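Q: no FASTA, just this:
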Ligand code: UDP
């Protein structure tokens, strides 16, 4: 960790306050946020998800929760707990909702319900607004009682083509919510609940996204034995089959026949994802002994290192096969990087083909785009510049914050 601080201490030391965002989004945006929050005075929020580190949801909540508090709306964040058996089931549900074949055994639903019941007893819900993130804690809505409260289910997954059995199981809970939030218009479902479109967001002032001292970037490359003088292709992701790390290696190997480059696959695990170890082994097997493939396992407090790797990259790849949104794409665009990404889920909202990046549909397509962008640095540069403005307009945490405040106002008729 830089400066010898522990990860939480370093994060606290550098966390931005609301006023700091004026430099990025303008003072009027902050005035709107404060005015909206004022109308919600006296109310409070609880957010619930299934992991405090690893993955995009934790990344967003880590900043959204303190900013809601600072804006004047007290917001608590609870993380549910579960055994390996629970997270194996929820990961299978996750893959099935993304369209993977899954023949759900009846005990999977029993395990899911048993852990939701256990968490129901461990958490209290006296806030006026409760936001439950993703399927894992969805059953907590049973805690709804006669107190006036508004329950929102925030779905971060691409549910446009879900496994029927898993979706029907979740739908029985969703109908007890007041609203559902989705990340892309294509994720709407026929449901008796209003559905709101919120784009996920990044924090431009966080350790993950702030400008870095070039010396730190250089040192990070040295630390991981990456050559700063040769092109660097990077995918930052949990080791998850839907992020297709093996497909990235295959694309790199094809492109490498024509253009000199190195590949960095960097990522850690998430507490609610039990498949990481297996996928990591698959990536090592596919990489073989190529000294230019760097597979880096990063601990959860690696925001600065991830930032440095992104900033040092010539091209960022996100070759997902399914993706709710892909914050790693947002992070790369914010750093003005040319991005090659799978044309799936929420990614095309961010990557407008040939304007803010390029979309790919296969290993061969990804390899082609790598060769093309390495051969046309001026086009790559323009894509990155456009990408940053697209993020500024649509995918920053201040917009997300405002969107939540507006939803709370709408739900409570304040
Ligand atoms: N991330 C991280 N460490 C890792 C891998 C990913 O901090 O080892 C971060 C990444 O920078 C991004 C988030 O986790 O902020 C991943 O979000 P995304 O929406 O891309 O994918 P998810 O993991 O939620 O499917």
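A: Cool, the structure landed. Not measured: the values here are computed from a predicted model.

Q: centre of the chain versus stretch 307-323, how much separation?
A: Here stretch 307-323 is found 13 Å from its chain centre; the criterion is CA atoms, centre = their mean, to the nearest Å.

Q: Just confirm residue 47 is within a strand.
A: Yes: counting by DSSP: H, G, I helix; E, B strand; the rest coil, residue 47 is part of a strand.

Q: so it sits right up against residue 61, yeah?
A: Yes: with contact defined as CB atoms under 8 Å, residue 47 counts as touching residue 61 (5.7 Å). Where C-beta positions appear, they are placed from N, C-alpha and C, glycine not excepted.

Q: Common neighbours of the two, please.
A: Shared contacts of residue 47 and residue 61 (CB atoms under 8 Å, 6 or more residues apart in numbering): 77, 133.

Q: Name the nearest residue to the closest residue to the ligand within the stretch 51-200 of the chain, ignoring sequence neighbours.
A: The ligand sits closest to residue 56 of the stretch 51-200 of the chain, with a gap of 2.8 Å, by CB to the nearest ligand atom. Of all residues not flanking residue 56 in the chain, residue 327 sits nearest, at 4.2 Å (CB to CB, 6 or more residues apart in numbering).

Q: try residue 205
A: For residue 205, ignoring the flanking residues on the chain, the nearest one in space by CB to CB, 6+ apart is residue 16 at 3.8 Å.

Q: Distance of that neighbour relative to residue 210?
A: Going from residue 16 to residue 210 by CB to CB, to the nearest Å gives 9 Å.

Q: between these two, who's got more neighbours?
A: Taking neighbours as other CB atoms under 10 Å, residue 16 and residue 210 compare with residue 16 leading, 19 against 14.

Q: Could you measure from that one over to the ligand?
A: 16 Å (CB to the nearest ligand atom, to the nearest Å).

Q: Check residue 328 too.
A: 4 Å.

Q: Please give me every residue in contact with that residue.
A: Contacts of residue 328 (CB under 8 Å, 6+ apart): 235-237, 316, 318.

Q: Quick check: the two most widely separated of those?
A: Farthest-apart pair in those is 237 and 316; separation 10.7 Å (CB to CB).

Q: Which of the two has more residues huddled nearby?
A: Higher neighbour count among residue 237 and residue 316: residue 316, with 27 against 24, using other CB under 10 Å.

Q: Within the helices and strands, which one has the nearest residue to the more buried one once chain neighbours are set aside?
A: For residue 316, ignoring the flanking residues on the chain, the nearest one in space by CB to CB, 6+ apart is residue 332 at 3.7 Å. Here residue 332, judged by DSSP states H and E, is contained in helix 327-334.

Q: repeat for residue 306
A: Here residue 306 is assigned to helix 303-312, by DSSP H and E.

Q: Quickly check: that helix near the ligand or not.
A: Yes: Helix 303-312 lies within reach of the ligand by CB under 6 Å from any ligand atom, at residue 306.

Q: again, but for stretch 217-230
A: No: judged by CB under 6 Å from any ligand atom, stretch 217-230 stays clear of the ligand, getting no closer than 13.4 Å.

Q: pLDDT (mean, whole number) over that stretch?
A: Mean per-residue pLDDT for stretch 217-230: 98.

Q: thinking again about what came up before, what distance separates the helix holding residue 332 from the centre of its chain?
A: Relative to its parent chain, helix 327-334 has a centroid offset of 10 Å by CA atoms, centre = their mean.

Q: What are the buried residues along it?
A: Buried residues in helix 327-334, counting neighbours by 16 or more other CB atoms under 10 Å, are found at 327-334.

Q: Rebuild the residues you listed as TSV, extending it with pLDDT.
A: Listed next are these as TSV, based on pLDDT from 0 to 100:
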residue	pLDDT
327	97
328	98
329	98
330	98
331	98
332	98
333	98
334	98
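
Q: Do a quick rundown of the strands in the stretch 301-414 of the chain.
A: Ranges of strands in the stretch 301-414 of the chain, per DSSP state E, counting those that start in this stretch, are 315-318, 339-342, 358-360.

Q: just so I know, which of those strands lies nearest residue 143?
A: When the strands of the stretch 301-414 of the chain are compared by CB to CB, strand 315-318 sits nearest residue 143, at 36.5 Å.

Q: Mind giving me the packing neighbours of that closest one?
A: strand 232-236, helix 327-334, strand 339-342, helix 363-375 (3 or more CB pairs under 8 Å, 6 or more residues apart in numbering; DSSP states H and E).

Q: With distance to residue 282 as added columns, please give those in a markdown table.
A: Formatted as a markdown table, those follow (distance: least, CB to CB, whole Å):
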| stretch | distance to residue 282 |
| --- | --- |
| strand 232-236 | 14 |
| helix 327-334 | 19 |
| strand 339-342 | 18 |
| helix 363-375 | 15 |
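
Q: Tell me how far the nearest residue to residue 282 once chain neighbours are set aside lies from residue 258.
A: Setting aside the residues directly before and after it, residue 282 is nearest to residue 246 in space (CB to CB, 6+ apart), at 5.6 Å. With the distance defined as CB to CB, residue 246 ends up 21 Å from residue 258.

Q: These two: which is more packed in?
A: residue 246 (18 against 12).

Q: rewinding a little: so the helix holding residue 332 versus helix 303-312, what angle?
A: 60 degrees (axes from the mean of the first three to the mean of the last three CA atoms, to 10 degrees).

Q: What parts of this protein come near the ligand?
A: Residues of the chain lying near the ligand (CB under 6 Å from any ligand atom): 55-56, 59, 208, 236-238, 267-268, 298, 302, 306, 325-328, 331.

Q: hang on, the earlier thing: show me the contacts for the residue nearest to residue 282.
A: Counted by CB under 8 Å, 6+ apart, residue 246 has contacts 282-283, 286.

Q: likewise residue 236?
A: 266-267, 306, 309-310, 316, 328, 331.

Q: one step back: out of the contacts of residue 246, which one sits closest to residue 51?
A: residue 283 (21.5 Å).

Q: Backbone dihedrals for the closest one, both of them.
A: Backbone torsions of residue 283, given as degrees, to the nearest 10, read phi -70, psi -40.

Q: check contacts around the closest residue to the ligand within the stretch 101-250 of the chain.
A: Nearest residue of the stretch 101-250 of the chain to the ligand, counting by CB to the nearest ligand atom: residue 238, 4.8 Å away. The contact partners of residue 238, by CB under 8 Å, 6+ apart, come to 54-55, 267-270, 273, 276.
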